[in-house]
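Trainee: output the structure for:
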Amino acid sequence: MMTKVSFHKSDIDGNKYTVEGIARLAFTIKATMKLRGWSERKLAAQAGISHVTVNKYVRTNIHEPQAEILKALAPYIYKVTSIDQDKIEIYSDQTYGDDWQELDKIATSDYAQLFPNTSTGLSANSSKDLSKKAAETPTKYKPKPNS
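Mentor: Residues are numbered from 1 along each chain as shown. Sure thing, here's the model as predicted:
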């Protein structure tokens with residue numbers, strides 16, 4: 001009798017971060033900077049980190065986000081409501097605050113659990129161009145829902 005077993009690549013590699021996820025994180029940071037009118041240096045100064053570090057995150061020159069960096073960035077990064085390779089929707093009046101782990105999930109294979117009704121919209125080829133597209137793509141903003 002044959003038993004079929006499925007694994008996600010991250011289960012085998014032991015790395016929960018994906019290339020597409022790192023691109024989503026960069027897209028989120030860029031969209032926030034664009035909306036705020038901030039440069040990489042301004043975001044770095046606000047977060048108390050090096051502008052070189054911000055540049056690495058924005059340019060997807062990281063393999064795995066560091067918790068300390070995400071903790072520093074989270075209070076300044078707007079919350080994502082949906083994201084794909086062409087568009088990001090964020091709350092323009094709500095940041096991740098102290099919930100840096102929610103920001104971290106954008107870069108992981110757990111991303112689909114955050115937004116179950118949203119396709120990642122990213123392929124291996126499109127994620128390479130995502131950083132470039134983030135600068136060219138208009139960002140759509142959603143108002144905060146009334147509670």
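
Trainee: ok so Tyr57 is a strand residue?
Mentor: No: under the criterion used here (DSSP: H, G, I helix; E, B strand; the rest coil), Tyr57 is helix, not part of a strand.

Trainee: nearest residue to it in space, please, no chain neighbours.
Mentor: Excluding its sequence neighbours, the residue lying closest to Tyr57 (C-beta to C-beta, 6 or more residues apart in numbering) is Ile29, at 5.8 Å. (C-beta placed from N, C-alpha, C; glycine too.)

Trainee: can you list the low-confidence ranges for the chain?
Mentor: 4-14, 112-147 (pLDDT under 70).

Trainee: so where's the longest strand in it?
Mentor: strand 88-95 (DSSP state E).

Trainee: who does that one touch, helix- and strand-wise?
Mentor: helix 19-36, strand 78-83, strand 140-142 (3 or more C-beta pairs under 8 Å, 6 or more residues apart in numbering; DSSP states H and E).

Trainee: what's the angle between that strand and strand 78-83?
Mentor: 160 degrees (axes from the mean of the first three to the mean of the last three C-alpha atoms, to 10 degrees).

Trainee: buried sites along strand 88-95?
Mentor: Ile88, Glu89, Ile90, Ser92, Thr95 (16 or more other C-beta atoms under 10 Å).

Trainee: could you point out which element follows it?
Mentor: Sequence order places helix 100-105 as the next helix or strand after strand 88-95, per DSSP states H and E.

Trainee: nearest to Thr60, out of the helices and strands packed on strand 88-95?
Mentor: Evaluated with C-beta to C-beta, the helices and strands packed on strand 88-95 place helix 19-36 nearest to Thr60, the distance being 4.8 Å.

Trainee: mind listing what's buried along the closest one?
Mentor: Neighbour counts using 16+ other C-beta under 10 Å place 20-33 of helix 19-36 among the buried residues.

Trainee: swap in stretch 73-86?
Mentor: If you call a residue buried by 16+ other C-beta under 10 Å, then stretch 73-86 has these buried ones: Leu73, Ala74, Tyr76, Ile77, Tyr78, Lys79, Val80, Thr81, Ser82, Ile83, Asp84, Gln85.
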